[in-house]
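Colleague: For reference, the sequence and a predicted model appear below.
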Amino acid sequence: FVYKYKQPQNNMCGRYKARWCISDPKWLQRLVGVDCFAETCRIETVRALLAKAVERDWAMVNIDVVNAFCTSKLEKPVYMRVPKMLEHKYPGKVCLVKGALYGLAHSPRTFHKHLDKWFRDNGFTISTADKCFYTKHGTDGKVNLAVATFVDDICAAGTDDALAQFRADFAATFKVRDTGEPKDFVGCEIERDVKNGVCHFKQTKYIKKMGERYKVVPLTGDGPFAPMEHSIKLDYSKDEDERVDGTEYRSIVGALHYASFCTRPDISASVSILSKFLVDPNIKHMRQAKHVLAFLLATSQYGLTYRREPGQGPKQTSLQPGIISGFADATFADDITTRRSHTGYVFLLNGAAISWCSRQQDKAANSSTEAEFRSYNSAGREALWLRKLEYDFMSIAEQNSTHAPTMIYDDNESCIKWLKNNCLHQKTKHIETAVLSIREQVNEFKQLDVSPVKTDQQIADVLTKSLAPRHHWSLTKYLLGEQIPDAWKRQEI
């Protein structure tokens, strides 16, 4: 038996729990040969759902399945020893496990299949982009309900009638804890202002817990602040460098990574840089890692803010409500040791980011144009996936019509020329076919498009390197969709 106190969340009081679990050694998984993994919805799907719920003025609800795993039946018989406290009542006996008990290796997989079958049987359409995302069309052919599942936590959005029917049907099959309007999902806080059409998705509590755990205090002063010191260049440790506790450093960087992965794209470039030194960190690396955490603590109130009526984007761009737009950028040979470039891209929807990436390229580029081309290729592949996700929110009539290409803005004119036509063979023939194939999506299939943008208006620039504080916030305001103090802005762009 496992005893636990569950903290209060989603307007629910804290409670004590006792759960009968089964011990399932890892070697048993290999012996039985049963698939043990269970899909969970991608965080990009959750952000897209929040953005669409704001756009369409949908109601939302959070549902937790009570004793979720036990509601599903095992496909093969499993036996377990009688708990010690009951052995005197059943000497020489074993227990036949009928439900997927917690602790059993394939219980999550079994429950997911059970849940997936319920959605299919009740008229939902499973997404081709995310196997844990389901939509349902109304009699008018429009999507009136969308549901994202994360194991036993369910976040649903839709029209009032469709959502009420879903709650009733779901509660008829599963024992649920319906908390109403979601306040927390996948460890992130959700604050909705339905009247004004605004949704905040942030991690204020998580960030403050990080500060307490690692004994770091917020940056002080009037600001503006930047995640890392702009002028510093980090390199791998030398013999003379002072070493630090590698376990603590990896723990801090890992905690920062979760924040950058969920709600804070503005620190993604810093976390990506710090992640290069996980094996042998020195005092400089630790100082910068704690600086990033101190920056988060000083700006913990910020997160992603989606709006029904989002503001305008940078000049030269055309960001429209309900339409996904992307920005792709790259540095050139900025890694001191490997001379590899850094890719950064972001996709915005209804005022804030729903998907982003900041990572070092896997090969050294021969020119800045090639580095930008590789960055656009990475962004293009993500855009093709987002188009599948966008397709799930369309009405039946829209799904059967032709769709405009997804626009990705780039600040390198040569890269745009490479994408528009197959020229400069001498400079492109060494690039892999898989990378060059992105041109087909631009010119032949018309799934993607590219448009120029000035360098100081390139939002993805904040995902490629550390910027000066005012420049950082002048771009970050578009990433987060937040209103920032005027004194923090470098200039209006």
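Modeller: Done, it's in. Residues are numbered from 1 along each chain as shown.
Colleague: Would you verify that Arg359 is located in a strand?
Modeller: Yes. Assignment of Arg359 by DSSP: H, G, I helix; E, B strand; the rest coil places it within a strand.
Colleague: Just give me the neighbour total for it.
Modeller: 16 (other C-beta atoms under 10 Å). C-beta: built from backbone N, CA, C; applies to glycine.
Colleague: Report the mean per-residue pLDDT for the longest helix along the chain.
Modeller: In the chain, taking DSSP state H as the definition, the longest helix is helix 368-392. What helix 368-392 shows for mean pLDDT is 96.
Colleague: With stretch 275-288 instead?
Modeller: Averaged across stretch 275-288, pLDDT comes to 96.
Colleague: what residues does it touch?
Modeller: Residues from elsewhere that reach stretch 275-288, judged by C-beta atoms under 8 Å, 6 or more residues apart in numbering: 228-229, 232, 234, 236-237, 241-244, 246, 248-250, 252-253, 257, 270, 274, 289, 335, 360.
Colleague: Mind doing that once more with 10 Å?
Modeller: Outside of stretch 275-288, the residues that reach it under the criterion C-beta atoms under 10 Å, 6 or more residues apart in numbering are 227-229, 232-238, 240-246, 248-250, 252-254, 256-257, 270, 273-274, 289, 335, 337-338, 359-360, 466.
Colleague: give me the number of residues near the residue nearest to Val198 when sequence neighbours are not counted?
Modeller: Spatially, and ignoring its direct neighbours in sequence, Val198 is nearest to Arg307 (5.5 Å; C-beta to C-beta, 6 or more residues apart in numbering). Neighbour count of Arg307, defined by other C-beta under 10 Å: 19.
Colleague: was I right about Arg307 contacting Gly322?
Modeller: No. Using C-beta atoms under 10 Å, Arg307 is not in contact with Gly322, being 11.5 Å away.
Colleague: anything in contact with each of those two?
Modeller: With contacts taken as C-beta under 10 Å, 6+ apart, the residues that reach both Arg307 and Gly322 are Ala51, Glu55, Asn350.
Colleague: Most neighbours among these, which one?
Modeller: For the shared contacts of Arg307 and Gly322, the largest number of neighbours (other C-beta under 10 Å) sits with Ala51, at 29 neighbours.
Colleague: Which is the succeeding secondary structure element to the helix or strand where it lies?
Modeller: Here Ala51 sits within helix 43-55, counting by DSSP states H and E. Past helix 43-55, heading to the C-terminal end, the next element that is a helix or strand (DSSP H and E) is strand 59-65.
Colleague: What part of this structure, helix or strand, is modelled with the least confidence?
Modeller: helix 26-32 (a mean of 51; mean pLDDT, DSSP states H and E).
Colleague: thinking again about what came up before, can you read off the pLDDT for the residue nearest to Val198?
Modeller: The model reports Arg307 with a pLDDT of 96.
Colleague: So what does it have for phi and psi?
Modeller: Main-chain torsions, Arg307, degrees, to the nearest 10: phi -130, psi 150.
Colleague: quick one, phi psi at the nearest residue to Gly123 once chain neighbours are set aside?
Modeller: For Gly123, ignoring the flanking residues on the chain, the nearest one in space by C-beta to C-beta, 6+ apart is Lys136 at 6.0 Å. When quoted as degrees, to the nearest 10, the phi and psi of Lys136 stand at phi -140, psi 130.
Colleague: who touches Lys136 in this structure?
Modeller: When contacts are counted by C-beta under 10 Å, 6+ apart, Lys136 touches 119, 122-125, 143-147, 156, 158, 162, 165-166.
Colleague: biggest separation within those, which pair?
Modeller: In these, the most distant members under the criterion C-beta to C-beta are Thr125 and Gln165, with 16.1 Å between them.
Colleague: Give me the helices and strands touching the helix or strand encompassing Arg213, please.
Modeller: Counting by DSSP H and E, the secondary-structure element that holds Arg213 is helix 204-214. On a contact count with 3 or more C-beta pairs under 10 Å, 6 or more residues apart in numbering; DSSP states H and E, helix 204-214 meets strand 188-193, helix 246-262, helix 283-298.
Colleague: Quick check: mean pLDDT of that helix?
Modeller: 97.
Colleague: Which residue comes closest to Arg381 once chain neighbours are left out?
Modeller: Ile438 is the one closest to Arg381 (C-beta to C-beta, 6+ apart), at 7.5 Å.
Colleague: I'd say the one you found and Asp410 touch.
Modeller: No. In this structure, Ile438 sits apart from Asp410 without contact. The criterion is C-beta under 10 Å, and the distance is 11.9 Å.
Colleague: what touches both of the two?
Modeller: Here Ile438 and Asp410 have Phe373, Tyr376, Ala379, Leu419, Val450 as joint contacts, going by C-beta under 10 Å, 6+ apart.
Colleague: can you tell me which of these lies nearest to Leu96?
Modeller: Within those, distances to Leu96 taken as C-beta to C-beta reach their minimum at Ala379, with 52.9 Å.
Colleague: Now do the same contact list for the closest one.
Modeller: When contacts are taken as C-beta under 10 Å, 6+ apart, Ala379 is in contact with 326-330, 343-347, 355-357, 406, 408-410, 438, 448, 450, 460.
Colleague: What's the separation between Ile431 and Thr464?
Modeller: Taken as C-beta to C-beta, to the nearest Å, the spacing of Ile431 relative to Thr464 amounts to 20 Å.
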